[in-house]
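**Q** Structure for this input, please:
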Amino acid sequence: MNIFSKEDAFIGANEVSKDICIEKIFELAGDIRARLEKQSYLLDKYISLILETANNTLVFEAATDGFESGSTLRNLCRIIVDGETQEKEHPFYEIVKQKITENPLPYQEKVTKVDIYFAMLAEEYLAFVLDEFIEEQLYKLRTNLDIIYLKELYNRISAVVGEDAMDNLNLMLKQRFLKVLPVNAFIQGLTNDLLYCLNYRDLETEKLVWQLING
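**A** This next block holds a predicted model:
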């Protein structure tokens, strides 16, 4: 099956009517709240914590971080191609230097060389910086959310209404309010920078970088 046979493969489709809507979420929440009776405040606190945390990192911020992280890799490639060492203290510097040293390129255009090296290193670099990004996100999240307390609220509510009801609510909250997780936005941001490299046309050969890499 050709998944790229329609434009929506690249941009998505308007399927809001098929998604979990806010009305359904609060309808289920209302049912759970009624079953909790005097302990309904537990659910209010639970939902509030999730909704506040869902907006802890905005998608455009995470994507921007990923894109800008790609700029750092490009700069490392550029200074090593130029024979400079001012970024030598960067923890990924030696990996970039080794890759470039072991893979000399015959092209005249420096931009072409840098973009090829960027593409060659992109996956390893992504794994490297993603760990750092996740650590930053965890620190940021933990300043606003006590995950143990959130679990305790879940357990206390579930003891009254059952886990099925709470699991359904959790799923609906995630599907509606966490469409794009920060990690995925970060990856796409860096990937957009990678795509600029792959689509760059070398002036000498008139070929795109991905064609040069592909041989």
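
**Q** quick one: least confident helix or strand in this structure?
**A** Scoring the helices and strands of the chain by mean pLDDT, DSSP states H and E places helix 8-11 at the bottom, with a mean of 88.

**Q** Contacts for that one, please.
**A** Helix 8-11 has contacts (Cβ atoms under 8 Å, 6 or more residues apart in numbering) with 3-4. The way it works is simple: take the backbone N, C-alpha and C, and place the C-beta from them, glycine included.

**Q** and the closest residue to residue 201 other than its chain neighbours, how many neighbours?
**A** Nearest residue to residue 201, sequence neighbours excluded (Cβ to Cβ, 6 or more residues apart in numbering): residue 208, at 5.5 Å. Residue 208: 17 surrounding residues under other Cβ atoms under 10 Å.

**Q** can you check residue 77 too?
**A** Residue 77 - counted by other Cβ under 10 Å - has 26 other residues nearby.

**Q** Please name every helix or strand in contact with the host helix or strand of it.
**A** Per DSSP states H and E: residue 77 is located in helix 59-81. Applying 3 or more Cβ pairs under 8 Å, 6 or more residues apart in numbering; DSSP states H and E, we find helix 59-81 packed against helix 93-102, helix 110-142, helix 182-198.

**Q** what angle sits between the second one and helix 59-81?
**A** To tie it back to what came earlier, the one meant is helix 110-142. 140 degrees (axes from the mean of the first three to the mean of the last three Cα atoms, to 10 degrees).

**Q** Pull out the buried positions in helix 110-142.
**A** 111-122, 125-126, 129-130, 133, 137 (16 or more other Cβ atoms under 10 Å).

**Q** Could you do the last one as well?
**A** Of the residues in helix 182-198, 182, 185-191, 193-194, 197-198 count as buried by neighbour count, 16+ other Cβ under 10 Å.

**Q** Other residues contacting the helix holding residue 77?
**A** Counting by Cβ under 8 Å, 6+ apart, 85-87, 90, 92-93, 96-97, 100, 110, 113-115, 117-118, 121-122, 125, 129, 133, 180, 182-183, 185-194, 197 sit against helix 59-81.

**Q** do the same with stretch 28-37
**A** By Cβ under 8 Å, 6+ apart, stretch 28-37 touches 40, 42-44, 47, 157, 160-161, 165-166, 168-169, 172.

**Q** Also stretch 116-133?
**A** 62, 65-66, 69-70, 72-74, 77, 81, 91-92, 95-96, 99-100, 103, 105, 107, 182-183, 186-187, 190, 194, 197-198, 209-210, 212-213.

**Q** Buried only: go through those residues for me.
**A** Neighbour-count burial (16+ other Cβ under 10 Å) applied to these gives 62, 65-66, 69-70, 72-74, 77, 81, 92, 96, 100, 107, 182, 186-187, 190, 194, 197-198, 209, 212.

**Q** immediately after the helix or strand where residue 34 lies, which helix or strand?
**A** In this assignment (DSSP H and E), residue 34 forms part of helix 22-36. Per DSSP H and E, the first helix or strand lying C-terminal to helix 22-36 is helix 40-54.

**Q** and the angle from that next one to helix 22-36?
**A** Going by the same axes, to 10 degrees, helix 40-54 makes 150 degrees with helix 22-36.

**Q** I'd like to know which elements helix 40-54 is packed against.
**A** Here helix 40-54 touches helix 22-36, helix 147-161, helix 163-177, going by 3+ Cβ pairs under 8 Å, 6+ apart.
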